[in-house]
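Kindly return the folded structure for what I paste below:
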Amino acid sequence: MNRLTLAVFAALFATGSIPAFGADTPSSQSPGREPAHLHYSQGVGLLSSGDLLGARAELREALRLQPDLVQARFSLGTALYLSGDVDSAIDAYRTVIRQQPDLAHAHLHLGISLMVTHDWAGAHSALQTAVSLQPDSVPAHYNLGLVRDRLGDRRGAIESYREALRLRPDHAEAHYHLGLALKQNKQDTEATREFLAAAQAGVPQAQYHAGVASASGTGVERNLAAAISWWFLAADQEVPQAKEALAHLRKMTLPTDKRSIGEARVVQDAFGAFRRSLWQQVSNLKGRAPDESVGVGLLQARRVREAVPVLLHEAAALSEQAQAQLETLYANGVEGQLAPHDRRIFEYFKTAGDERLPYPRLILARIYARGLGVPPDMNKALGLLKGNPREDAQALAKELSASAKNASPKKP
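Predicted coordinates for the structure are as follows:
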């Protein structure tokens, strides 16, 4: 759900972008007027600094002294919303609207609050009013698009997202949601353009969809290496579909009766192209061959902190050199820079082992056999080696089986 953050609300107050409130009513000339405004100002300051408890107290005191102080009630609604008391925030915004019906921001914030409670019809009404009162409000158009999407009005949603983007072309989330709406509307080529714009701005789910478009050649030239790059970016931000897409590609490189050598080679070449592209992300490592490991180069330059994430990417992109280097790092660490048995490295080998990749399963078997950062488990090690086509894996399986047989107590 789209939720306004404290920073957004604070910016509204700091920039004065909230329209002017109505003129003072006769009651605002009462003796409590100045103290009420003082408490209001203090409440806004506390709200901007993140002290929600203090802000609520000051704003409530302002309203006790001057119940018709619209700006104090609006700010109290903001403080209540950010505190998680959305129902009370809704009540506050509705009171503001009764006092000043033409305040666009009150309708906007009411609409967003109603979205949180899944009152889509109410949110639609509030946001439409916000748009009519302030046609250049990007948040109003964008959130109206989200609500229209929820209500099944795909054409209306597309119209709202496009209007938000006309007003603010760099609105990444609007590009992403417009892409989704266009894709659902079977306008795939147009959807790809929006996904790419959002992906380049860093929206993780859009990066996944950009990868899908690159892999299939929908709206862009088919490029599996580009798809892999997008999926790695999304996977780093915990997008499960991207992780699944990469795992599927890795499994395509495993020999089966149903898959041709040529298909596996295409995927291997794409992973290789991705690994070579990693050289563009590092500096001060000139003069190395493109097929060399970037992570190993960083290690040799004593840039261990940078090297480990790169090695993990290279290993996940099927580099046996990176996988071997990660095994060494896991076992020994780097004095003063990386402790042995790093959990990130272990989790990589565990995931790769679950995908049945032969070399990572061999390495994981050695980890369990030696008890490196985990309790020794000979059965688990032998299970990882079972059916492994590598000669060194088969040799280790024989060695461990013999050791287990010799270590077992002999019958009298």
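
going forward, measure contacts and count neighbours with C-alpha atoms only.
Fine.

count of residues packed around the residue lying closest to Thr189 once chain neighbours are set aside?
When the adjacent residues along the chain are set aside, Thr189 lies closest to Gly219, with 4.3 Å between them (C-alpha to C-alpha, 6 or more residues apart in numbering). For Gly219, the tally of surrounding residues (other C-alpha atoms under 10 Å) stands at 16.

Confirm Gly219 sits in a helix?
No - inclusion of Gly219 in a helix is not indicated when DSSP: H, G, I helix; E, B strand; the rest coil is applied; the result is coil.

residues contacting it?
Applying C-alpha atoms under 8 Å, 6 or more residues apart in numbering to Gly219 gives the contacts Asp188, Thr189, Glu190, Thr192, Arg193, Ala213.

Gly179 is in contact with the third one, correct?
Yes - with contacts defined as C-alpha atoms under 8 Å, Glu190 counts as touching Gly179 at a distance of 7.3 Å.

Settle it for me: which of these two has more neighbours?
Counting neighbours by other C-alpha under 10 Å for Glu190 and for Gly179 shows that Gly179 has the greater number, 28 against 15.

What residues of the helix or strand where that one lies count as buried?
Following DSSP states H and E, one finds Gly179 within helix 172-184. Of the residues in helix 172-184, those buried under the neighbour-count criterion (16 or more other C-alpha atoms under 10 Å) are Ala172, Glu173, Ala174, His175, Tyr176, His177, Leu178, Gly179, Leu180, Ala181, Leu182, Lys183.

count of neighbours near Ala289?
Neighbourhood size, Ala289 [other C-alpha under 10 Å]: 10.

Can I take it that it is in a helix?
No - secondary structure assignment places Ala289 outside any helix; it is coil (three-state DSSP).

re the thing from before, residues making contact with the helix holding Gly179?
142, 146, 149, 154, 157-158, 161-162, 164-165, 188, 190-195, 197-199, 201-203, 206.

same check, this time on stretch 108-119
Stretch 108-119 is contacted from outside by 1-3, 81, 86, 89-90, 93-94, 120, 122-127, 130, 139-140, 143, 147, using C-alpha under 8 Å, 6+ apart.

the helices in the stretch 251-400 of the chain, which residues?
Listed in chain order, the helices found in the stretch 251-400 of the chain under DSSP state H, counting those that start in this stretch are 261-277, 294-300, 304-316, 320-332, 343-354, 358-370, 378-385, 391-407.

whoops, the stretch 101-250 of the chain was the one
Remark: helices of the stretch 101-250 of the chain, listed N- to C-terminal, are 104-116, 120-133, 138-150, 154-167, 172-184, 188-200, 204-216, 224-236, 240-252; assignment by DSSP H, counting those that start in this stretch.

Now these in JSON lines, please, with extra columns for mean pLDDT.
Written out in JSON lines, the entries for the helices of the stretch 101-250 of the chain read as follows (pLDDT from 0 to 100):
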{"stretch": "helix 104-116", "mean pLDDT": "97"}
{"stretch": "helix 120-133", "mean pLDDT": "98"}
{"stretch": "helix 138-150", "mean pLDDT": "97"}
{"stretch": "helix 154-167", "mean pLDDT": "98"}
{"stretch": "helix 172-184", "mean pLDDT": "97"}
{"stretch": "helix 188-200", "mean pLDDT": "98"}
{"stretch": "helix 204-216", "mean pLDDT": "98"}
{"stretch": "helix 224-236", "mean pLDDT": "97"}
{"stretch": "helix 240-252", "mean pLDDT": "96"}
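
so which of those gets nearest Ser41?
Ranking the helices of the stretch 101-250 of the chain by proximity to Ser41 (C-alpha to C-alpha) places helix 104-116 first, at 18.8 Å.

distance between that closest one and the chain's centre?
25 Å (C-alpha atoms, centre = their mean, to the nearest Å).

Send over that helix as CSV, restricted to the C-alpha atoms.
This file holds the C-alpha atoms of helix 104-116, laid out as CSV (Å, rounded to 0.1, in the frame of the first residue of the first chain):
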residue,chain,number,x,y,z
ALA,A,104,-7.4,20.1,-1.6
HIS,A,105,-4.8,18.6,0.7
ALA,A,106,-7.4,17.5,3.3
HIS,A,107,-9.2,15.6,0.6
LEU,A,108,-5.9,14.1,-0.6
HIS,A,109,-4.8,13.0,2.8
LEU,A,110,-8.3,11.7,3.6
GLY,A,111,-8.2,9.7,0.4
ILE,A,112,-4.8,8.2,1.2
SER,A,113,-6.0,7.3,4.7
LEU,A,114,-9.1,5.6,3.4
MET,A,115,-6.9,3.6,1.0
VAL,A,116,-5.1,2.2,4.1
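
what inclination does that helix have with respect to helix 120-133?
Counting by axes from the mean of the first three to the mean of the last three C-alpha atoms, to 10 degrees, helix 104-116 points 160 degrees away from the direction of helix 120-133.

Now do Val184 against Glu244, distance only.
One correction, residue 184 is Gln, not Val. 22 Å (C-alpha to C-alpha, to the nearest Å).
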